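Asks: Provided below for reference: sequence and predicted model.
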Amino acid sequence: MAIFLAFLPYRALSDANSMLLNGAYEITETFTSTDGRINAFTTFPIEFYAKILKGNTSVLSGDTLIVGDTPAETLRISGAWSYSGTIVVVNDGVLIFDNASATIDGNLLLLGNGKVIVDSSSLYFPQRFNYQYGIVVAENSEYRITNSETFFNGFVIGVAVVDSARFVERNVRNRDFTTFAALGDNPYIEVEYTDNVGEIVVGRGGRYVIRHSDTLLIWHRFPPGCTASVVFPSGDTVYHYVFDSSLTTVSGIGYSIVIDTTTDVMWGMMVEDSSSVNVAGSNVRSVGLLFRGSDTTSVSGIVNGSYYTSYTVPLTDRYLHFNNTYVNTFSLYPMDSVLVNVSSSIFGEILPLDYANVEVNGVLVDGSGGYLGASGHSVNITLFSSITTNLQSSENSILLFAYSSQAGIIGQVIAANNSIMAIVQSSLLDYPVVYDGAFAWVSNIRTPGYLPLESSVPVEGDAYGEAGPLGSFLSFSSYSLYYQMSGDTAWVPIVEDVTAPVKDGVLGIWDTHGLTPGTYILKLKTVVSTGDSVVALRVVNLGTVGVNEREDAPLPLRVEGRSLYYPGRYEIYDVRGRRVFSGSGKTTLRRGVYFVKVEERSRKVMVR
């Protein structure tokens, strides 16, 4: 099961020192923006778990419904009801869903002493991707749902419970997964008799009670200065589990967890710097490694799905040791302005936040903990790596995915908020989907590795930029395509300063007449409106195309768009080893990575 630890729209919760928490909350100051839209509170004390936010372009989109802007206001909803936009419940406002079938195409925010009461109802949030929308329960507000059902359109939703807010869920069927993030000193989350609870990321303080429910990933937080020796319970059902400072094997934590008569419980750990944690005889679903500050740190050699007889995680800023323990997933969360270099590892998720930078090289992100992404104002540069999960940029982040691949059979590519996503000479399951004011910048050469001499060869690929529906400060400017023989220094233009973008088409016609057989490098330079550019390189061989009986000779196999052609008999297999074609001549395939077997020889091809 892939558990996504991620969340809400970034502007719902951001940095520290909220006016709200400092008692300076006023409707007019907090909610009204110069462009007439409500931007909610733009600052909040989020520690890590306000990772919260990989969501949409602003907290509020479309119209905004405010309940509580007049004293003692109550809105009661019954029957079929839908709303497109964000709902804000403030002051002493009360929003009641009673025997309702409600669709909310937006976020739900509770502030002050606001209350949302849901009973005998169904709530539907029609998300288009994970964490597009979120529920924020802040200050002294309360969200209470009983005898009801929720549906998030097949995607994960985020719920933030902040400060002294309360979230109570009883006898609820959740059709989709929920990620809870608790922030502040005294949040309260209580879940009873509920199907598919989701994951709960505990805060520095607060109380978390889960009884008579199922499907729970509970993240224990190990903050700086804490020490703990932990043995997580095994078995299908957890009875009478307590984790708090009353345990003699634990010190330096300020929260309390109670789990009773709950099935399918998975154990998670958020481990921060300057902590000392020893885990023995346990099955750990997920370990999140948090990096703070402004230092430079290197991470290497950490691998998912490992059983450790005796193993200390190779990090110098904390002590994390496993004895006779299986760890399913490691995930990485750089924060603040730290720089983390990651190499030679297998992670479940890598997500920089705040102003952090992460440089990823030679890593597999398998999606068992989430996805590969960037949030906040962070920068993620990923080179020569593979992912079998989603690729996503959000907020004001920059994500460069270069000379890498997205494999598997499903996986989204999403640029949201005001982020920039650059795809350079990489294979994806599909093109980026761009939301809000984000910008996707794609530069790929997709020509076969063996090309004919004495010919006019179409060089196919992508050179384009796409902004979201709200527009972006960036736009596509031009591209140029060059070649050089390996060992040369000069680049010979094929086409230059082409202002028409190309998506899955012909970038230029390469005249190979009179060229010397051998290895060549193709270079695609794509420029955007600011004058910035990215360069994609592709190594190809020029020679005579034809049948050659030498074992090491190139095959006369042609890839034309999504079609493959070979004059003789051949077989095609997908990445799972299933044969998808057997025959001769031409066949058309779906996007993906395939292996072609011809006369007992094989080639790996990419079909876009």
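Replies: Cool, got the structure.

Asks: tell me, please, where in the stretch 451-600 of the chain the pLDDT is lower than the cut-off.
Replies: Scanning the stretch 451-600 of the chain for pLDDT under 70 picks out the ranges 545-562, 574-578, 591-593, 599-600.

Asks: now do the strands in it.
Replies: 456-467, 476-485, 492-498, 502-511, 518-528, 533-543, 558-560, 563-574, 579-588, 592-598 (DSSP state E, counting those that start in this stretch).

Asks: and of these, who's closest to V116?
Replies: Closest approach to V116 among the strands of the stretch 451-600 of the chain (C-beta to C-beta): strand 456-467, 35.3 Å. Placement of C-beta: from N, CA and C, glycine included.

Asks: re earlier: need the strands of the stretch 451-600 of the chain in JSON lines (columns: distance to D105 and mean neighbour count).
Replies: Shown next, in JSON lines, are these (distance: least, C-beta to C-beta, whole Å; neighbours: other C-beta atoms under 10 Å):
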{"stretch": "strand 456-467", "distance to D105": "22", "mean neighbour count": "20"}
{"stretch": "strand 476-485", "distance to D105": "31", "mean neighbour count": "20"}
{"stretch": "strand 492-498", "distance to D105": "40", "mean neighbour count": "14"}
{"stretch": "strand 502-511", "distance to D105": "29", "mean neighbour count": "18"}
{"stretch": "strand 518-528", "distance to D105": "32", "mean neighbour count": "20"}
{"stretch": "strand 533-543", "distance to D105": "36", "mean neighbour count": "17"}
{"stretch": "strand 558-560", "distance to D105": "42", "mean neighbour count": "16"}
{"stretch": "strand 563-574", "distance to D105": "37", "mean neighbour count": "16"}
{"stretch": "strand 579-588", "distance to D105": "37", "mean neighbour count": "12"}
{"stretch": "strand 592-598", "distance to D105": "33", "mean neighbour count": "17"}
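
Asks: what mean pLDDT does stretch 89-105 have?
Replies: Regarding stretch 89-105, the rounded mean pLDDT is 97.

Asks: starting at the chain centroid, how far to it?
Replies: 29 Å (C-alpha atoms, centre = their mean, to the nearest Å).

Asks: helix, strand, or coil at N418?
Replies: Of the three states, N418 takes coil under DSSP: H, G, I helix; E, B strand; the rest coil.

Asks: surely it meets S472?
Replies: Yes: using C-beta atoms under 8 Å, N418 is in contact with S472, at 7.5 Å.

Asks: picking up where we left off before, now distance to I87 too, for the strands of the stretch 451-600 of the chain, in a markdown table please.
Replies: Shown next, in a markdown table, are the strands of the stretch 451-600 of the chain (distance: least, C-beta to C-beta, whole Å):
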| stretch | distance to I87 |
| --- | --- |
| strand 456-467 | 28 |
| strand 476-485 | 37 |
| strand 492-498 | 47 |
| strand 502-511 | 38 |
| strand 518-528 | 37 |
| strand 533-543 | 41 |
| strand 558-560 | 50 |
| strand 563-574 | 44 |
| strand 579-588 | 47 |
| strand 592-598 | 41 |
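
Asks: G293 is nearest to which of those?
Replies: strand 533-543 (30.2 Å).

Asks: which strands and helices lie in contact with that closest one?
Replies: Counting by 3 or more C-beta pairs under 8 Å, 6 or more residues apart in numbering; DSSP states H and E, the packing neighbours recorded for strand 533-543 are strand 420-424, strand 439-445, strand 450-452, strand 518-528.

Asks: please repeat the previous calculation with a cut-off of 10 Å.
Replies: strand 398-402, strand 420-424, strand 439-445, strand 450-452, strand 456-467, strand 476-485, strand 518-528 (3 or more C-beta pairs under 10 Å, 6 or more residues apart in numbering; DSSP states H and E).

Asks: ok, back up a step: so what sits against both of N418 and S472?
Replies: Residues touching both N418 and S472 (C-beta atoms under 10 Å, 6 or more residues apart in numbering): 436-439.

Asks: ranking those by neighbours, who comes first?
Replies: Counting neighbours by other C-beta atoms under 10 Å, A438 comes out on top of the shared contacts of N418 and S472 with 29 neighbours.

Asks: pretty sure that one is touching V413, no?
Replies: No: using C-beta atoms under 10 Å, A438 makes no contact with V413, being 11.5 Å away.

Asks: who touches both of those two?
Replies: 393, 421, 432.

Asks: nearest to G408, of those residues?
Replies: P432 (16.6 Å).

Asks: what about the closest one, neighbour count?
Replies: For P432, using other C-beta under 10 Å, the count is 24.

Asks: dihedrals phi and psi, it?
Replies: When read as degrees, to the nearest 10, the backbone of P432 gives phi -60, psi 140.

Asks: show me what contacts it?
Replies: P432 neighbours (C-beta under 10 Å, 6+ apart): 391-393, 399, 401, 412-415, 421-423, 438-442, 466.

Asks: any idea how far it is from A463?
Replies: From P432 across to A463, the span is 14 Å (C-beta to C-beta, to the nearest Å).
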